[in-house]
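1. based on what follows, work out the 3D shape:
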Amino acid sequence: MPTIVDSKPSPEFTPISLAGVYNRNGASFCGDELADETLAGKELSLTGENVIRGIPFHLGDAAENNILFLKNDAVTFDFDAPITCCYFVFIHTAVAKRDVPDGDGITRPPRGRIILGDKVADYQLIYEDGSEQSVAIRRRFAIGELHKDWGDECFEAVPLTKSSAIPTISERMSAGEPPDALFGRSQTRVSVESSPVPVGYWVYALENRKPNEVIKSIRFVPAEESALLILGLTATNLGGNPLRWGRRQKALLTLPEGVSIGHPDASGRYAGLGIDLGQIISVTPRLDYDNAHWKDGYNNKAPVRVENQFIVEYCAHPAARFTVASKDKLSFAVSDCEKINISTETSSLEPINPAEQDVIIKIIEAKSKKKVAVKLHIHGEAGEYLPPADRHRIPNPYWFEDYSPDYPANGIHLCTYIDGETRVKLPLGNVYIEVSKGFEIKPIREVYNITPETTEIVIEIEHVLPWREKGWVSADTHVHFLSPQTALLEGAGEGVNVVNLLASQWGELFTNVGDFDGCTTFGSKEAGGDGEYLVRVGTENRQHVLGHISLCGYNGRIITPLTTGGPDESALGDAVEVTLSQWAKQCKEQGGVVVLPHFPNPRCENAAAIVLNHIDAVEMTSWGNLYDGIDPYSLSDWYRYLNCGYFVAAVGGTDKMSATTAVGTVRTYALIEDGEFTYDAWKEAVRAGRTFATYGPLMEFSVEGHPMGSRIELPASGGTLNAEWQLATVTVPISKVELVVNGETREVFSVTPDKREVQGSFSVQVNRSSWLALRVRGGYADKHEMIAAHSSPIVVRVDESEFFAAADAMTILEQIEGAIAFIDTVATRAEAKAYKTVKMTLTAAHRGLHNRMHNMGVFHEHSPMDEHEHPHHKH
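-> Predicted structure coming up:
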């Protein structure tokens, strides 16, 4: 039979059986009695021992009368023994009653569909001395109805079931649990628990104004033309309303060795930890930020999870108690959180100072004194995250599930982005603040003592590396899902001047397509911005085998199809209608820049697109990984094209698809040589190869005074060249500087970790056509060394010497052959005209490279498609 047990029962209550006055069984009602024919014969009563909102009730038996149906006649309930208390708590509900509208359909006066203030009954406390206290039970005050409309909550009573913290759909599924809510609803992380009965009951605490006087009975007097159902009664001597929970609080739970609260369920709650008069919101392992050395840490440094210490977030009545399920039956009062000794072991529940001091935080740039957008992190003494008032306390880390300006670095270091000013509620005592803004401003880690007088904190940041002043601008070539305005905020907060927000298709899902108009650059002066931080919506067009391609900043109509060839990129049944090369060609015709994202994967048709000279740059991609740096294999694949004379720039892009990736984790720096910084100027810099990709170190690199992307001509005799470089960092320490010539490491210069700025030069003998690039390694002291930055090449052409590497050319040719094989065999074939165009595009790339290999006299095997007699073929 229906029962509710939502926690352990609070010991502060004495349940009282109403069995002596119950006059109906919950399944015995007819529809007209309840003004609702749908309820006829349905079970309307809870039975037996129930715990509702932590309050115990002893309700009737299922087979007997278990409801007091009050209509017309008064009923007096006599206590078995005289009682004193501060509150009686009732479970009750009213049968619906409606005002009749006038002839024109208008209700006068309109008191609400549930008639506000209409008296349903009087509950009369009868004292032993003969005095009485009568309390009017009025609709939408002390009682609600069997059914309520949205917005018709009670003012002095609460629903039968309490609100709870719920997991998101992805959290449940990640824990192996089936989803139990719709996606959108689960994002709220709150829900009202469902009731086991089909009507709404209301819990009402009636205050006894004479708590020291003995009460012998209660008289229930129904109002005229009203009816109500009374289900249960309990009494308490608590001094405050037992239904009023306090504000959200946090406490630090420390457990002794050998005591466990178990593992979290799909909701993040622990079966071994409960609370009676309240609700646990979350239980999370405490994060140790090493507060004593906070200022010495680096930006986004992850804290360490502490074993057997948990931050418990809850809201509760002051008389609530925590319970820890263990052999010792640990119990902690919320009101005092005192340390409790259990035999020789010690457990504690220590209060964490509540975050209730309203503080305005402003971030200003030291030179201009203007407020600037930044990334912000704040935590308290216990490691608890302290977000601004308009930001998530629990950022969503999952794919395509949230577009808020939050960033959980490393999954646990919670941050957000602000426009230069925000309001935060902080606890009294020390708070620990981290502020950063990209790679040119030194990150700040400071400790502030918050007092009752603290109302404002102003933090100055300083632009210490002058790369922007030298004409360099930063960009992320690959961001998804954010709104343009949020992308603008996050880009500014990370010091990223250009965010390329890419619309796309994912099976049957289309994203950001409504943000694409083929002309607007958000943040530009033409669009009403200051022109320093820009967002442009382009597209990432994709095929799961042939590859992906980023079409940035093109003008005019959106280039479609956005995806092709079926899952997992396109919709099931879609044919391969177009190639990467065709998309790229159209993008260039519409004035865009073409980037091969997350290079080299998918590793297929990108070879043809490069050979056909449709590609401007290859992208070094980070996703959310802060510490692995540029993938050496990405460089290996890129080097083979450079070795064969296909010169494409290096850019950095994150492929951000969730909050766990920060805009610009890896980024592009591009040199605007002349004129004003605009999006068009940025595109031109990428096309010219005046770029480097970086995780933090900034560089300038030139050969004989020629910057990255330059072409240098030498006579057939070659020559000795001077390669000069300058590096600086305020983030990732530099460990090595390497000169790469034709894919080989020619020179290495080691750097001590304390050096934040370093410069030097290499002298290099060049006797054949060569490309030169700068590669930088580095890493934090507690992390492994990574490739932290890489320049685009400087090309040196020696007369009568070709850029060609036979082994590399062969691998490129085989890759193109793979694309053709896919189109000819298992790819879903488009209609005849489209198929022919696709095939001709790939064949043109293959033949172009194949003929070039012939001209170079390269000995190679033929694929069946190109079998013919030639002295350099192997059959």
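
2. every contact and neighbour count from this point should use C-alpha atoms.
-> Will do.

3. this protein: helices as residue ranges?
-> With DSSP state H, the ranges of helices along the chain come out as 169-174, 183-187, 484-493, 580-589, 606-611, 632-643, 679-688, 806-824, 832-855.

4. I'd like these laid out as TSV, including mean pLDDT and mean neighbour count.
-> Formatted as TSV, these follow (pLDDT from 0 to 100; neighbours: other C-alpha atoms under 10 Å):
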stretch	mean pLDDT	mean neighbour count
helix 169-174	85	18
helix 183-187	88	15
helix 484-493	99	24
helix 580-589	99	21
helix 606-611	98	26
helix 632-643	98	18
helix 679-688	99	20
helix 806-824	97	19
helix 832-855	96	16
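
5. got those helices as JSON lines, with distance to Ser735 columns?
-> Shown next, in JSON lines, are the helices of the chain (distance: least, C-alpha to C-alpha, whole Å):
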{"stretch": "helix 169-174", "distance to Ser735": "39"}
{"stretch": "helix 183-187", "distance to Ser735": "44"}
{"stretch": "helix 484-493", "distance to Ser735": "27"}
{"stretch": "helix 580-589", "distance to Ser735": "38"}
{"stretch": "helix 606-611", "distance to Ser735": "33"}
{"stretch": "helix 632-643", "distance to Ser735": "16"}
{"stretch": "helix 679-688", "distance to Ser735": "27"}
{"stretch": "helix 806-824", "distance to Ser735": "30"}
{"stretch": "helix 832-855", "distance to Ser735": "39"}
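
6. nearest to His548, out of the ones you listed?
-> helix 580-589 (7.1 Å; C-alpha to C-alpha).

7. ok, Arg138 touching Val120?
-> Yes. Counting by C-alpha atoms under 8 Å, Arg138 touches Val120, with 5.5 Å between them.

8. of the two, which one has the most company?
-> Taking neighbours as other C-alpha atoms under 10 Å, Arg138 and Val120 compare with Val120 leading, 27 against 21.

9. Ser226 is in contact with that one, correct?
-> Yes. The pair Val120 / Ser226 is scored as a contact, 5.5 Å apart, by C-alpha under 8 Å.

10. need the overlap of contacts for the two.
-> Common contact partners of Val120 and Ser226 (C-alpha atoms under 8 Å, 6 or more residues apart in numbering): Ala94.

11. quick one, which of the helices of the chain is nearest to Ile734?
-> helix 632-643 (17.1 Å).

12. check which helices and strands the closest one sits against.
-> Contacts defined by 3 or more C-alpha pairs under 8 Å, 6 or more residues apart in numbering; DSSP states H and E place helix 632-643 against strand 770-778, helix 806-824.

13. quick one, which of the ones you listed gets closest to Leu502.
-> So among the helices and strands packed on helix 632-643, helix 806-824 is nearest, using C-alpha to C-alpha, at 24.9 Å.

14. how far does that closest one sit from its chain's centre?
-> 40 Å (C-alpha atoms, centre = their mean, to the nearest Å).

15. so what secondary structure elements neighbour that helix?
-> helix 606-611, helix 632-643, helix 832-855.

16. extract the C-alpha set from it and format it as PDB.
-> Listed next in PDB are the C-alpha coordinates belonging to helix 806-824 (Å, rounded to 0.1, in the frame of the first residue of the first chain):
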ATOM      1  CA  ALA A 806      59.800  10.300 -52.400                       C
ATOM      2  CA  ALA A 807      58.800   8.200 -49.400                       C
ATOM      3  CA  ASP A 808      56.400  11.000 -48.200                       C
ATOM      4  CA  ALA A 809      55.000  11.500 -51.700                       C
ATOM      5  CA  MET A 810      54.200   7.700 -51.800                       C
ATOM      6  CA  THR A 811      52.200   7.800 -48.500                       C
ATOM      7  CA  ILE A 812      50.300  10.800 -49.800                       C
ATOM      8  CA  LEU A 813      49.400   9.100 -53.100                       C
ATOM      9  CA  GLU A 814      48.300   5.900 -51.200                       C
ATOM     10  CA  GLN A 815      46.000   8.100 -49.000                       C
ATOM     11  CA  ILE A 816      44.400   9.600 -52.100                       C
ATOM     12  CA  GLU A 817      44.000   6.100 -53.500                       C
ATOM     13  CA  GLY A 818      42.200   5.100 -50.300                       C
ATOM     14  CA  ALA A 819      39.700   7.900 -50.700                       C
ATOM     15  CA  ILE A 820      39.000   6.800 -54.300                       C
ATOM     16  CA  ALA A 821      38.600   3.200 -53.100                       C
ATOM     17  CA  PHE A 822      36.100   4.300 -50.500                       C
ATOM     18  CA  ILE A 823      34.000   6.200 -53.100                       C
ATOM     19  CA  ASP A 824      34.100   3.300 -55.500                       C
END
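
17. what's the angle from it to helix 632-643?
-> 100 degrees (axes from the mean of the first three to the mean of the last three C-alpha atoms, to 10 degrees).

18. residues making contact with stretch 552-563?
-> 477, 500, 502, 504-506, 516-519, 536-543, 569-570, 578, 583, 586-588, 590-595, 683.
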